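1. Task: produce atomic coordinates for the following.
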Amino acid sequence: MKWLGLLDAAWLLYALATGSANVRAGIVAAMLNWLFFCAGPLLGRVRGQAAATSRRKRLSGFSAPPERRPRVCAKCGRSEKDDPSLEFRVCDCAEKCRGQLTEYCIEHARAH
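-> Alright, predicted model coming up:
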């Protein structure tokens with residue numbers, strides 16, 4: 001389609017350059033009609049609004065991140081579901097946690 005469009009544009013330019021006044025008036029009228037119809041999207045593309053609109057459409061399809069799993073104390077097994085006001089701390093000490101991130105409730109984190 002691109003090549004056919006370019007071939008048609010070349011033919012119109014040739015007819016515009018070599019045609020009579022009536023042919024030229026017809027070509028100019030047709031091009032003005034096309035320009036009136038396509039002026040909004042063309043100006044939007046030139047100004048960069050088309051890119052912003054397509055970016056908004058592309059990004060609007062994303063959903064909310066999945067819910068995180070509840071925190072659970074590594075020592076007693078209590079979780080946020082048991083007590084929503086329960087506070088947790090994370091430890092990564094080399095002695096007891098072997099450098100891995102381990103969650104403890106506030107009670108056991110102090111004794112850790």
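
2. domains in this structure, as residue ranges please.
-> What automatic domain parsing lists as the domains of the chain is 2-60, 70-112.

3. any idea which of these scores lowest on pLDDT?
-> Mean pLDDT is lowest for domain 70-112 among the domains of the chain, at a mean of 83.

4. gap between that one and the chain center?
-> 37 Å (CA atoms, centre = their mean, to the nearest Å).

5. ok so, going back, highest mean neighbour count out of the domains of the chain?
-> domain 70-112 (a mean of 13; mean count of other CB atoms under 10 Å). Bear in mind the C-beta positions are built from the backbone N, C-alpha and C, glycine included.

6. Return the distance of the helix or strand harbouring residue 11 from the chain's centre.
-> Residue 11 is part of helix 2-18 when elements are defined by DSSP states H and E. Here the centre of helix 2-18 is set off from its chain's centre by 38 Å, with CA atoms, centre = their mean.

7. Tell me which other helices or strands it touches.
-> Applying 3 or more CB pairs under 8 Å, 6 or more residues apart in numbering; DSSP states H and E, one finds that helix 2-18 contacts helix 21-47.

8. Now do the helix it packs on: which elements does it pack against?
-> helix 2-18, helix 49-60.
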